[in-house]
Every structure is written in structure tokens, then in C-alpha cells.
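In: can't give you the sequence, but here's the structure:
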């Protein structure tokens with residue numbers, strides 16, 4: 001089996017909710033994501049309140065929901081790395097922007113007086129538990145319109161955007177954008193995507 005075939009098989013298994021495939025993906029790609037986060041997490045005050053592992057888990061949880069819903073077309077490992085690194089950069093910027101937006105007093109953070117700190121450590125499930133938990137995907141699907149549910153089903157069946165678009169009489173790009181907006185809305189409603197996935 002070629003590397004491209006094994007990658008395609010891994011993504012198919014992840015999309016199908018295979019917990020072992022999710023764990024394998026985390027094992028292979030988490031170090032790269034955490035390295036990217038640490039490189040971009042240059043503000044010492046921000047480092048005190050957010051950890052690379054917390055950001056990484058948030059990114060992977062978001063990724064697993066979206067890949068299971070069929071949002072991403074990933075044909076090679078480089079595409080996955082580029083996507084995850086982009087998500088990591090966006091998440092670090094989001095945290096930094098949120099810190100600056102409320103003009104947090106770093107002395108309170110140093111003294112442990114900031115109630116926001118209580119919510120920093122992610123006590124939630126690991127990314128492999130998220131993908132294994134079909135309830136989360138069902139919660140996302142429950143928030144979809146009939147059209148978005150149809151698109152999700154078609155993508156989960158492995159159909160390309162061009163095939164679906166030809167059948168529905170629409171452009172692949174228009175369908176892809178409508179589907180991305182549906183996933184964004186559902187992720188936002190579920191609190192999975194605090195300010196955009198990138």
C-alpha cells in the first residue's frame with residue numbers, strides 16, 4: 001500500500017468514527033501542531049493562561065467534528081499538516097485577541113485572581129474520545145438543514161463536490177461554502193468553535 005493510499009484509508013476511518021484511526025492521527029500529527037503553537041505563543045502573559053496542549057485539543061476536537069461531517073478534502077498528509085497548522089495559528093491569535101480585548105490585568109493573572117483561569121485547562125474528553133462519541137456528530141447533524149444533512153451524507157459516502165454539484169444543479173464551490181457555513185453555525189452553537197476555525 002502506497003503512503004497516499006494509507007493516508008486516504010486513515011482519513012476514511014477517521015471520518016467513519018474509528019477511535020483507533022483518530023488516535024493514530026493524533027499520534028502522527030499532534031507534535032507538529034504543538035510545535036506550531038509553541039512557536040506562535042510568544043507573549044509570556046498569554047503563556048501563563050493558555051497551554052499548547054489545551055489549544056491542540058481544541059483544534060483536534062474541531063477538526064474531528066468537521067472531518068466526520070465531510071467538510072475537508074484531504075488527499076495527502078501535507079494538506080492535513082497545512083490545515084492543522086493554519087487552525088493552530090488562528091487559535092493562538094484568537095486567544096491573544098481575547099486577552100487584549102478585555103484588557104486583562106496580568107497582575108491578577110500572576111496572583112491567580114483571574115476567574116478565567118479556572119476554565120483554561122481542558123477537562124473535557126481527548127480528541128479520540130470526541131471522534132468516538134457519535135453523540136457529538138449527531139448533535140452537529142441535528143442543527144443542520146435538510147440540505148446540509150444531504151451534503152454531509154454524500155460527503156460521508158465519499159462523493160466529490162463536483163459529483164454532488166452535478167446532481168443538484170449547483171456549483172461545487174457554492175455547495176462547499178454553504179456546507180462550511182452550516183458546520184460553522186453548528187460548531188458555534190455547540191461551543192466548539194469559539195471564534196472560527198480558520
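Out: Everything's here; your move. A quick note: this is a predicted structure, and the numbers were derived from the prediction, not measured.
In: quick one: contacts for residue 160?
Out: 73, 172 (C-beta atoms under 8 Å, 6 or more residues apart in numbering). (Glycine included, C-beta is placed from N, CA and C.)
In: look up how far residue 72 lies from residue 171.
Out: 19 Å (C-beta to C-beta, to the nearest Å).
In: who has more neighbours, these two?
Out: The residue with more neighbours, out of residue 171 and residue 72, is residue 72; 16 against 13, by other C-beta atoms under 10 Å.
In: in three-state terms, label the more buried one for me.
Out: Per DSSP: H, G, I helix; E, B strand; the rest coil, the secondary structure class of residue 72 is coil.
In: buried sites along the biggest helix by length in the chain?
Out: In terms of residue count, the longest helix belonging to the chain (DSSP state H) is helix 77-101. For helix 77-101, a neighbour-count test (16 or more other C-beta atoms under 10 Å) marks 77, 80-81, 83-85, 87-88, 90-92, 94-96, 98-99 as buried.
In: where does this protein dip in pLDDT?
Out: Along the chain, the model assigns pLDDT under 70 to residues 1-4, 101-134, 193-198.
In: swap in 50 and give it another go.
Out: 106-107, 109-113, 116-117, 195-198 (pLDDT under 50).
In: what helix or strand is residue 159 on?
Out: Under DSSP states H and E, no helix or strand contains residue 159.
In: that one: neighbour count?
Out: Residues within reach of residue 159, counting by other C-beta under 10 Å, total 14.
In: likewise for residue 153?
Out: Neighbours of residue 153 under the rule other C-beta under 10 Å: 14.
In: in terms of helices and strands, where is it?
Out: With DSSP H and E as the criterion, the answer for residue 153 is helix 146-156.
In: so which bits of that helix are buried?
Out: Quick answer for helix 146-156 (16+ other C-beta under 10 Å): 148, 151, 152, 154, 155, 156.
In: can you tell me what sits against that helix?
Out: Contacts of helix 146-156 (C-beta under 8 Å, 6+ apart): 15-16, 68-71, 141, 144, 163-164, 175, 178-179, 182-183.
In: name the SS class of residue 191, please.
Out: Secondary structure, three-state DSSP: residue 191 is coil.
In: against residue 63, how distant is it?
Out: 16 Å.
In: got the contact list for the closest residue to residue 85 other than its chain neighbours?
Out: Spatially, and ignoring its direct neighbours in sequence, residue 85 is nearest to residue 36 (4.9 Å; C-beta to C-beta, 6 or more residues apart in numbering). Counting by C-beta under 8 Å, 6+ apart, residue 36 touches 84, 85, 88, 89.
In: what helix or strand is residue 36 located in?
Out: Using DSSP H and E, residue 36 falls within helix 19-40.
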